[in-house]
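S.K.: only geometry, no sequence info:
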């Protein structure tokens, strides 16, 4: 909507740059943009206008494929950027090598949000699958965040019990405990926080911290929730890429590159930490260590090789997730 | 001045028919044929595969049965509402009349969120229903309620003008000729109203099958249990399965069109008999 409006405004002297991102980064990029625009003006004397577009990660990727002229994409999972490569080739094939740390300037992980006092005694993944525990997580078919949740549980079980069969049983038990599958991560947060459904919300660290601080604000410093860190969880990597074809056409390639590089600077990393995303810069992470408790993290590469294979195996039609529901009814 | 006894000359007919076809083509036929073309990528076997998917069959059944139930409720309640609005005078009538249109103007997602908030186990109404073991939000019942909400104005607004046209004398003369209340209703009033009632109900039904915004919030989206067809389309799109998504859309299109056609046929027959 803002996009349409923005395109109606007559072109000013400001260069416009469009960052198509996913839902929970809204506040982060508002901050980042302000800092980058200032720095860019100082460095080059040119003024810049950065437009943001947020929504479900998959939906955003599809909008770019269908012609939304994004200069850069900052999405929730590599699979979505791979899809932009596959459908239309707007992003170059080796986008992962374009920026440090395979183009992932910050990451997050999946944690538990429970009700105050933790009445069900949830300490780790094992407790989440116990019978009688109400779990809230979005639908992996429509939500990128939900896929991270699923893979976090899968990875934990596979490592702990040592076989894929056991891991399958584990995630099946997890989804047996869910009574609502919202279409997106924010929807699940609402179901848990506002509607009071379920005992544990599987959420990204930044989303859980946001819910916690909102609750503190609403209740005079006393939160109705607690964040629980499991012993191990997934390394949820959120990649960035230049949309080559668009940026070259619009002549914004140079500024787009500088914009994404800014995310890797000390200043950018500090802002990232401020918004509860984990910075990749070790020093910045260390200086914020009170914010980010240590969790053993495993990544999708070591679990399944790549996001593409993970998607095919688990979430595509006829994959393990579909199997969970078709077996559950029998 | 010579009076034109033929108010609709052939030339204006040509022009207006041209305009009609032009508009219909661009707004309806072209987009819908694109749908056919896109799903052609699947081929017959692919389409068949889509339809035989267990989840799709379940969602199909849910969408059509919930849509049907909601339409049936709207048929009764909408008719009563129209009746009250036409036949009685009471304070606040204008406001009530305007309220009927609200589901048309409100974004459906807002309606969905509001309904979920009210009917969830800790919501205004939900917290009284929950101890009784009645679960509304995140069950098919919740879907029906959302569909009743969005389909309600269709029935009221199609029946209302027909009721207004019916002269009160019609009823009065029926009484004078010795008919009782029930007879007056079934023999005199109902045949007149029936075609418009049917039209309104079928529109509510059609809207219900395709409804997305209000339903995704209250349904809970559990595969095989509370998952509706439009959500499956979104699901396929999220996985970049464009052909499969259009396959489901095609299925809905064909089914809805056949139902609408059947209702239209039925309706024109019953109104012709009357006329």
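M.R.: Happy to help now that I have it. It should be emphasised that the depicted structure is a prediction, and the values quoted were computed from it without experimental measurement.
S.K.: three-state assignment of residue 182?
M.R.: Just so you know, I chose chain A. Here residue A:182 is recorded as coil under DSSP: H, G, I helix; E, B strand; the rest coil.
S.K.: wait, I meant chain B there
M.R.: helix.
S.K.: residues near it, how many?
M.R.: Residues near residue B:182, counting by other Cβ atoms under 10 Å in any protein chain shown, number 8. Where you see a C-beta, it was placed from the backbone N, CA and C, and this is true even at glycine.
S.K.: which residue packs closest to residue A:123, ignoring adjacent ones?
M.R.: Spatially, and ignoring its direct neighbours in sequence, residue A:123 is nearest to residue A:228 (6.7 Å; Cβ to Cβ, 6 or more residues apart in numbering or on different chains).
S.K.: what's next to stretch A:29-47, contact-wise?
M.R.: With Cβ atoms under 8 Å, 6 or more residues apart in numbering or on different chains as the contact definition, stretch A:29-47 has outside contacts at A:13-15, A:19, A:21, A:48-50, A:52, A:74, A:255, A:258-259, A:262-263, A:267-268, A:271-272, A:274-275.
S.K.: go on, stretch A:111-118?
M.R.: A:120, A:122, A:128, A:192, A:199-205, A:208, A:211-212, A:223-230, A:233, A:295.
S.K.: for it, what is the distance to the chain centroid?
M.R.: Offset of stretch A:111-118 from its chain centre (Cα atoms, centre = their mean, to the nearest Å): 20 Å.
S.K.: for it, buried residues please.
M.R.: Neighbour counts over stretch A:111-118 (16 or more other Cβ atoms under 10 Å in any protein chain shown) mark A:111, A:112, A:113, A:114, A:115, A:118 as buried.
S.K.: wasn't the second one part of a strand?
M.R.: Yes. Using three-state DSSP, the assignment for residue A:112 is a strand.
S.K.: any idea how far residue A:291 is from the residue lying closest to it once chain neighbours are set aside?
M.R.: Of all residues beyond its chain neighbours, the one nearest residue A:112 is residue A:228 (4.2 Å), with distances taken as Cβ to Cβ, 6+ apart. Residue A:228 is 16 Å from residue A:291, where distance means Cβ to Cβ, to the nearest Å.
S.K.: compare those two (neighbour count), which wins?
M.R.: Between residue A:228 and residue A:291, counting by other Cβ under 10 Å, residue A:228 is the more crowded of the two (17 against 13).
S.K.: domains in chain A, by residue range?
M.R.: A:17-104+A:239-264, A:107-236+A:295-329 (the TED database).
S.K.: so which of the buried residues of stretch A:111-118 is the closest to chain B?
M.R.: residue A:115 (12.3 Å; Cβ to the nearest Cβ).
S.K.: ok, what's across the strand from that closest one?
M.R.: residue A:225 (DSSP bridges).
S.K.: mind pulling up the pLDDT for it?
M.R.: You'll see residue A:115 listed with a pLDDT of 96.
S.K.: can you pull the contacts of the residue nearest to the spatial centre of chain A?
M.R.: Most central in chain A under Cα atoms, centre = their mean is residue A:76, positioned 4.0 Å from the mean C-alpha point. The contact partners of residue A:76, taken as Cβ under 8 Å, 6+ apart, are A:22, A:57, A:144, A:145, A:148, A:236, A:238.
S.K.: with residue A:296 instead?
M.R.: Taking Cβ under 8 Å, 6+ apart, one finds A:231, A:232, A:233 in contact with residue A:296.
S.K.: out of these, who has the most neighbours?
M.R.: residue A:233 (27 neighbours).
S.K.: what sits against it?
M.R.: A:109, A:110, A:111, A:152, A:156, A:295, A:296, A:297, A:298.
S.K.: could you do residue B:57 as well?
M.R.: Remark: with contacts taken as Cβ under 8 Å, 6+ apart, residue B:57 is in contact with residue B:51.
S.K.: can you confirm it is in a helix?
M.R.: Yes. According to three-state DSSP, residue B:57 belongs to a helix.
S.K.: that older thread, what subset of the contacts of stretch A:29-47 is buried?
M.R.: Counted by 16+ other Cβ under 10 Å, these give A:15, A:19, A:21, A:48, A:50, A:52, A:74, A:255, A:258-259, A:262-263, A:268, A:271-272, A:275 as buried.
S.K.: before we move on, the earlier item: most neighbours among the contacts of residue A:233, please name it.
M.R.: When neighbours are counted by other Cβ under 10 Å, residue A:110 leads the contacts of residue A:233 with 28 neighbours.
S.K.: so that one makes contact with residue A:229?
M.R.: No. In this structure residue A:110 lies outside contact range of residue A:229 using Cβ atoms under 8 Å: 10.0 Å.
S.K.: now residue B:269: how far from residue B:75?
M.R.: Residue B:269 is 19 Å from residue B:75, by Cβ to Cβ.
S.K.: scratch that, residue B:139
M.R.: When residue B:139 is compared with residue B:75 (using Cβ to Cβ), they lie 23 Å apart.
S.K.: what does residue A:20 give?
M.R.: Distance from residue A:20 to residue B:75, by Cβ to Cβ: 45 Å.
S.K.: show me which of the two is the more surrounded one.
M.R.: Using other Cβ under 10 Å as the criterion, residue A:20 and residue B:75 rank with residue A:20 on top: 25 against 20.
S.K.: can you tell me the closest non-neighbouring residue to the more buried one?
M.R.: Residue A:20 sits nearest to residue A:70 (Cβ to Cβ, 6+ apart), 3.8 Å away.
S.K.: any idea how far that neighbour is from residue A:62?
M.R.: 12 Å.
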